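# below are the sequence and a predicted model; questions follow.
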Amino acid sequence: MAKLYFYYGAMNSSKTANALMTHFNYEEVGQKALLCKTETDTRDGARIIRSRIGLEMECIFLSELLDMPGEEIKQYNCIIVDEVQFATKEQIDFLSDIVDFMEVPVVCYGLRTDFQNNLFPGSERLIAIADTIQEIKTVCWCGRKATANARFNANGIIRDGEQVFLGANDSYVALCRTHFKLGMLGPGTQD
């Protein structure tokens, strides 16, 4: 029976690397897997999924998947979605339709919360309807589990702004809840 999976984690928890490894595992045993991402994620190019450790593959946009005929989608053994936090509620519901009516597993990877610790729309919907929800863990600079995605600049942690601001290690850092609240990007730093 197909399921809708949501694997979430803070920045730098290897979500994208896991998505690419999942794709590889399917392909290695002769299964057909499809990689996709939302159009919002343009950091590595339009149709590229790239992890920090150097793995990369071509993909399609989530909107292109939604435009595919059902018979074409059914040819895949698995659909893998990266950066799913940027998906809309309607897109997530369509992914659940792929699982429920086409019997194709859908494996989603993304952030749970933004830089203010608010849920992203796609993540919120997945938390509500996914069959399996699992955290991919990473650590704060102090060694505790990181749960917050702190946006920062030269002046420290940024607390206000638009929910979506694309960036990587130059703009975001994963922190434990305590250091996020204190504004500590590292030892001896504080808002």
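Thanks, I have the structure now. Please read these numbers as outputs of a predicted model, since none were measured by experiment.

# tell me where this structure has strands.
In the chain, the segments counted as strands under DSSP state E are 4-8, 33-37, 48-50, 56-58, 60-61, 78-82, 106-110, 132-135, 148-153, 156-158, 172-175.

# could I get the ones you listed in CSV, plus columns for distance to Gly188, mean neighbour count and mean pLDDT?
Bear in mind the C-beta positions are built from the backbone N, C-alpha and C, glycine included. CSV is the format used below for the strands of the chain (distance: least, C-beta to C-beta, whole Å; neighbours: other C-beta atoms under 10 Å; pLDDT from 0 to 100):
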stretch, distance to Gly188, mean neighbour count, mean pLDDT
strand 4-8, 30, 23, 97
strand 33-37, 37, 22, 95
strand 48-50, 33, 19, 76
strand 56-58, 36, 14, 84
strand 60-61, 43, 15, 93
strand 78-82, 35, 25, 97
strand 106-110, 32, 26, 97
strand 132-135, 29, 13, 96
strand 148-153, 15, 20, 81
strand 156-158, 12, 17, 72
strand 172-175, 15, 24, 86
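
# export the ones you listed to TSV and append columns for distance to Asp67.
As requested, the strands of the chain are exported to TSV (distance: least, C-beta to C-beta, whole Å):
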stretch	distance to Asp67
strand 4-8	20
strand 33-37	11
strand 48-50	19
strand 56-58	18
strand 60-61	9
strand 78-82	14
strand 106-110	16
strand 132-135	27
strand 148-153	31
strand 156-158	36
strand 172-175	31
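
# those: which one's closest to Asp93?
strand 4-8 (10.3 Å; C-beta to C-beta).

# other SSEs contacting that closest one?
Judged by 3 or more C-beta pairs under 8 Å, 6 or more residues apart in numbering; DSSP states H and E, strand 4-8 is in contact with helix 15-28, helix 89-102, strand 106-110, helix 121-129, strand 132-135.
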